[in-house]
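Asker: Predicted model and sequence follow; I will ask about them next.
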Amino acid sequence: MKRTSPAALALLALGGGVVAFLAELAIAASGLPIIIPPISLGFTLVAIGVIVVLLAWPVRRAVRATVKVHIDPFRAMRVAVLAKASAFSGALFTGAGIGLLFYLLSRSVAPITTSLWLAVAMAAGGLILLIAGLVAEYFCVLPPDDRDNEAPQPHGSHA
């Protein structure tokens, strides 16, 4: 599995921001009340980030152990995939929170302070989830083998 690229995360954040901004614009234009994220969203995103890092910690301990410790490779793979998914969804939530914040600040009427803080909480929770996903993904990376660094010996040479 490849490491998560910063370009993919930036594109997801940008896409989330643009979609959230345009969705709020379309909702307001149709006369409906705009979407304000609940306060629990920011806390939930942070809690998911903490859980992902806690799930990746035993994998890191097994990978970094000086004495061979057996870890179920399927568990390690599941945690790595969960970490990547958390990084992607964290980027989307961060972008969406920033898009909502831009929408609220672009209005000619001053928005309610509470709605601004809820959008900031959503963006901050998404950023924490993004960082936690990247940290958990790093925890699941195997160190390179010493044999991989050795140059292949040509046939017939006895070193």
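Answerer: Received it, and whenever you're ready, just let me know what you need. Numbers count the residues shown, from 1 in each chain.
Asker: For the chain, just list every one of the strands.
Answerer: Along the chain, no stretch is classed among the strands by DSSP state E.
Asker: Give the residue spans of it that score low on pLDDT.
Answerer: For the chain, residues meeting the criterion pLDDT under 70 lie at 66, 143-159.
Asker: In terms of secondary structure, what does the lengthiest helix in the chain contact?
Answerer: In the chain, assigned by DSSP state H, the helix with the most residues is helix 73-106. If contacts are counted by 3 or more CB pairs under 8 Å, 6 or more residues apart in numbering; DSSP states H and E, helix 73-106 sits against helix 6-29, helix 39-64, helix 113-139. In this view, the C-beta of every residue, glycine as well, is placed from N, C-alpha and C.
Asker: With distance to residue 75 and mean neighbour count added, can I get those in CSV?
Answerer: Listed next are the helices and strands packed on helix 73-106 as CSV, based on distance: least, CB to CB, whole Å; neighbours: other CB atoms under 10 Å:
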stretch, distance to residue 75, mean neighbour count
helix 6-29, 25, 16
helix 39-64, 7, 17
helix 113-139, 13, 20
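Asker: Quick one: closest of those helices to residue 86.
Answerer: Minimum separation from residue 86 across the helices and strands packed on helix 73-106 (CB to CB) falls at helix 113-139, 3.3 Å.
Asker: who does the closest one touch, helix- and strand-wise?
Answerer: Applying 3+ CB pairs under 8 Å, 6+ apart, one finds that helix 113-139 makes contact with helix 39-64, helix 73-106.
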